[in-house]
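Student: sequence below, structure please.
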Amino acid sequence: MRVVSLVPSLTEAVAVTAPGLLVGATDWCTHPAGLAATRIGGTKNPDVPAILALRPDLVVANEEENREPDLAALRAAGTEVLVTRIRTLDQAFEGLDGLLVTACGLARPRWLDEAEAAWAALPPPRAPRRAIVPIWRRPWMVLGRDTFAGDLLARLGVQNVYADHAERYPRIPLDVLEAVGADLVVLPDEPYRFTPDDGPEAFPALPAALVDGRYLTWYGPSLVRAPAALRAALR
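Tutor: The predicted structure follows:
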């Protein structure tokens, strides 16, 4: 089987489980290290002719990361496209099993069982801490409703202040963020690369948790280590 992945986390999931299947991946697919698949552009601007030239049996995409016109062009050319919709941890586990076992015909990988066990072993969260979770600045954007990262944080005892916002990634002025009454600010290093010198200074009254964006937003083998890594960062 020949697979092209347009989603970095799913690229890692396929490559770790069955390295020989993956023939194409985006420029943003950084894991696993040394990935030898042909690069076919970005998640938002893939090179459709280059994908078709690889003769894939399956193209893996995500409703949030990839654009429908690109997926429609692939389908029009006769290519099967699997589009994932992952907004909770449970959906991630179901989607990964569906991709790897059902769509690709692989044995269920051990890492997927280990990831489920790692998250199931988390102790019940204490009284939740209210957090702002920026994902961009200039303008400031934060996690809103119905997000995978928000679900992970909730399982770790961190309540997203904007979890009930009408938008999934709302733009919120900095002065409003500062006055919302949060207990901490959670700063991932993707999609915007927040660092100790770029982000915490905007919230001088709040403790800042700098977290690895891969553990917070990727659904794949990183889910095995994510609970421990995120708990340590949030601590």
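
Student: which residues of this protein fall in strands?
Tutor: Taking DSSP state E to define them, one finds strands in the chain at 3-5, 22-25, 38-39, 58-62, 81-84, 129-132, 134-136, 141-142, 158-160, 184-188, 208-211.

Student: helices along the chain, start to end?
Tutor: Applying DSSP state H to the chain gives helices spanning 8-17, 48-53, 68-76, 89-97, 110-120, 148-155, 174-178, 213-217, 226-234.

Student: which of these sits most buried?
Tutor: helix 8-17 (a mean of 25; mean count of other C-beta atoms under 10 Å). Where you see a C-beta, it was placed from the backbone N, CA and C, and this is true even at glycine.

Student: mean confidence for it?
Tutor: In this model, helix 8-17 carries a mean pLDDT of 96.

Student: now swap in stretch 199-217 and tell me
Tutor: So the average pLDDT for stretch 199-217 ends up being 97.

Student: got the end-to-end distance for that stretch?
Tutor: End-to-end span of stretch 199-217 (C-alpha to C-alpha, to the nearest Å): 19 Å.

Student: so, low pLDDT: which residues of the chain?
Tutor: Scanning the chain for pLDDT under 70 picks out no residues.

Student: ok so, going back, can I get the strands of the chain in JSON lines including distance to T217 and mean neighbour count?
Tutor: Formatted as JSON lines, these follow (distance: least, C-beta to C-beta, whole Å; neighbours: other C-beta atoms under 10 Å):
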{"stretch": "strand 3-5", "distance to T217": "16", "mean neighbour count": "29"}
{"stretch": "strand 22-25", "distance to T217": "17", "mean neighbour count": "24"}
{"stretch": "strand 38-39", "distance to T217": "21", "mean neighbour count": "14"}
{"stretch": "strand 58-62", "distance to T217": "11", "mean neighbour count": "23"}
{"stretch": "strand 81-84", "distance to T217": "14", "mean neighbour count": "19"}
{"stretch": "strand 129-132", "distance to T217": "15", "mean neighbour count": "20"}
{"stretch": "strand 134-136", "distance to T217": "9", "mean neighbour count": "19"}
{"stretch": "strand 141-142", "distance to T217": "14", "mean neighbour count": "20"}
{"stretch": "strand 158-160", "distance to T217": "13", "mean neighbour count": "21"}
{"stretch": "strand 184-188", "distance to T217": "7", "mean neighbour count": "24"}
{"stretch": "strand 208-211", "distance to T217": "10", "mean neighbour count": "20"}
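
Student: for Y169, find the nearest of the ones you listed.
Tutor: strand 141-142 (5.3 Å; C-beta to C-beta).

Student: relative to T102, which of the strands of the chain is closest?
Tutor: That would be strand 81-84 among those, by C-beta to C-beta, at 9.4 Å.

Student: can you tell me the strand partners of that closest one and which way each runs?
Tutor: Sheet pairing for strand 81-84, assigned by DSSP bridges, gives strand 58-62 (parallel).

Student: rewinding a little: make a markdown table out of the strands of the chain and add distance to P32.
Tutor: Converted to a markdown table, the strands of the chain look like this (distance: least, C-beta to C-beta, whole Å):
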| stretch | distance to P32 |
| --- | --- |
| strand 3-5 | 12 |
| strand 22-25 | 10 |
| strand 38-39 | 15 |
| strand 58-62 | 16 |
| strand 81-84 | 19 |
| strand 129-132 | 31 |
| strand 134-136 | 25 |
| strand 141-142 | 29 |
| strand 158-160 | 29 |
| strand 184-188 | 21 |
| strand 208-211 | 21 |
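
Student: what's the closest of those strands to G220?
Tutor: Proximity to G220 (C-beta to C-beta) singles out strand 3-5 among the strands of the chain, at 10.3 Å.

Student: mind listing residues that contact the closest one?
Tutor: 11, 14, 21-26, 29, 37, 40, 51, 54, 56-60, 104 (C-beta atoms under 8 Å, 6 or more residues apart in numbering).
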